[in-house]
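J.: My questions concern the predicted model and sequence given below.
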Amino acid sequence: MTDDTSPSTPIPSAPTRADVFDQYMPIVLFLVFNSVAGLVWAIGAMTLWAVKAQVSRYRRGLPFGRVMPIIVLYLLVRGTLGIIYDSEEVYFGIGIGVKGLAAVALVVSVAMGRSAMGYAFSYLVSVDRSVKAHPEYRAAMSRVTLGVALVVFASVGFDTWLIRHASINEFVLIRLGVNWGASIATLLSIGLYLDRRLRRTPDFPGLLPLMERRLGSLGFNPPPSSEG
């Protein structure tokens, strides 16, 4: 079975300052409101801003499609249940559970021959069809997808342990720092692995030239690669 993971449309633009702001503002609001007004207000503020962020990204043209209403519904249901039960275990526990389901979905995508990371990689850079059709490409994307699934499972285990042993504000801050560090390490590891592994395919120019091409399509002008 071929692993044709080409997306139908490319990402239209690079992340903006507003995207970065929207990513961290819910956390700031939660910490502030939880400290001065209590958990219910914190969950409400975090939920409303998270919904606002999704709507803003959709309006900016990111290809959420039919997934966007599902994300918004999930955020609203999660926030509502957290407020009703006035419980951080309920609110954050739902998120931990969804993260676990995402890891399972990654494994399933590999089993079905349509590795999720191959789909994501095609959004980030433009890869020739001859490269995608090569067995090395399909094998690499399957292994990367399984590796990411393991990282996500580990994150689920850490979050579950942390929420039982830390205050709620400590949980939010520590989880943010650990997840940020783990994400950077994972991305760097994926990049190094793919650059080395995909060079076994005849038409793969290297990851750096592909990233430079992608940045150029977004309006950036990175310095030319020293390779080749």
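T.: Arrived safely. Residues are numbered from 1 along each chain as shown.
J.: CA atoms of the helix or strand that contains residue 131 as PDB?
T.: If you go by DSSP states H and E, residue 131 is part of helix 129-132. What follows is helix 129-132, C-alpha atoms only, in PDB (Å, rounded to 0.1, in the frame of the first residue of the first chain):
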ATOM      1  CA  ARG A 129       6.400  12.700  -5.700                       C
ATOM      2  CA  SER A 130       9.400  10.500  -6.600                       C
ATOM      3  CA  VAL A 131      10.700  10.900  -3.100                       C
ATOM      4  CA  LYS A 132       7.300  10.200  -1.500                       C
END
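J.: in that helix, what counts as buried?
T.: 131-132 (16 or more other C-beta atoms under 10 Å). C-beta: built from backbone N, CA, C; applies to glycine.
J.: Tell me the first helix or strand C-terminal of that helix.
T.: helix 135-165.
J.: Can you name every helix or strand that that following helix contacts?
T.: Applying 3 or more C-beta pairs under 8 Å, 6 or more residues apart in numbering; DSSP states H and E, we find helix 135-165 packed against helix 88-111, helix 116-124, helix 168-198.
J.: Of all those, which one is nearest residue 156?
T.: helix 88-111 (4.7 Å; C-beta to C-beta).
J.: What number of residues are in the vicinity of residue 93?
T.: By other C-beta atoms under 10 Å, the residues close to residue 93 number 17.
J.: got a list of what it touches?
T.: Residues near residue 93 by C-beta atoms under 8 Å, 6 or more residues apart in numbering: residue 163.
J.: Please report how far it lies from residue 180.
T.: Counting by C-beta to C-beta, to the nearest Å, the separation of residue 93 from residue 180 is 21 Å.
J.: Out of the helices and strands packed on helix 135-165, which is closest to residue 136?
T.: For residue 136, the closest of these is helix 168-198, at 6.5 Å, according to C-beta to C-beta.
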